[in-house]
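[1] Model the following, please.
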Amino acid sequence: MKTVLILCTGNSCRSQMAEGLFRHLAGSIYEIHSAGTHPTAVNPLAIKAMSEIGIDISHHHSKSVNEYLDRPFDLVITVCDNAKESCPFFAGAAKRLHWPFDDPAEAVGPESERLKVFARVRNEIRERIVRFLRDGAQK
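    Okay, here's the model as predicted:
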């Protein structure tokens with residue numbers, strides 16, 4: 001089973017949603033982990049956006065990239081520019097990819113409007129993972 005680490009800054013939104021989506025879509029062929037360069041807490045709107053499509057990430061918690069430094073990964077994916085710039089070197093990583101997504105935590109307004117931003121980013125992440133699984137996983 002190939003191992004994947006998805007990195008973001010806070011490990012609160014994008015990387016958490018990506019972990020849940022990746023596991024849902026390809027958990028039988030990939031072991032998926034996520035972490036942050038400066039972990040905070042899982043954003044409740046990320047949990048809510050994922051539950052809208054039947055994926056439960058309520059049990060997830062934010063983890064530091066430091067927890068994974070000694071672990072080899074087949075693939076390291078950064079989902080924000082800050083994580084890409086501050087990503088430590090993973091000696092065992094066979095491949096590194098950068099998939100930048102907007103930070104839904106920066107959305108303003110009523111919760112219903114912010115949730116729409118989370119749902120849009122979730123859908124973009126899902127589309128990127130599906131495309132990777134279909135086309136890019138073999139490259």
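[2] Walking through the chain, point out its helices one by one.
    With DSSP state H as the definition, the chain shows helices at residue ranges 14-26, 44-51, 81-86, 111-131.
[3] which residues of the chain score low on pLDDT?
    Low-confidence regions of the chain, defined by pLDDT under 70, span residues 81-94, 136-139.
[4] returning to what we had before: so can I have a markdown table of the helices of the chain showing distance to Phe101 and mean neighbour count?
    For every residue, glycine as well, the C-beta is placed using N, CA and C. Supplementary listing: these in a markdown table, determined by distance: least, C-beta to C-beta, whole Å; neighbours: other C-beta atoms under 10 Å:
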| stretch | distance to Phe101 | mean neighbour count |
| --- | --- | --- |
| helix 14-26 | 5 | 25 |
| helix 44-51 | 12 | 20 |
| helix 81-86 | 10 | 16 |
| helix 111-131 | 5 | 17 |
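[5] ok, the residue nearest the centre of the chain - contacts?
    Per C-alpha atoms, centre = their mean, the C-alpha nearest to the average position across the chain is that of Ser15, at 2.1 Å. Ser15 sits next to Ile6, Leu7, Cys8, Ser34, Ala35, Gly36, Val79, Ala83 when contact means C-beta atoms under 8 Å, 6 or more residues apart in numbering.
[6] ok, the second one touching Phe73?
    No. Distance between Leu7 and Phe73: 10.2 Å, which falls outside the contact criterion (C-beta atoms under 8 Å).
[7] The two: which has the busier surroundings?
    Residue environment comparison for Leu7 versus Phe73 gives the larger neighbour count to Leu7, 29 against 20, counting by other C-beta atoms under 10 Å.
[8] quick one, what contacts the more buried one?
    The neighbours of Leu7, taking C-beta under 8 Å, 6+ apart as the test, are Ser15, Ser34, Ala35, Gly36, Thr37, Val65, Val76, Ile77, Thr78, Val79, Ala83, Cys87.
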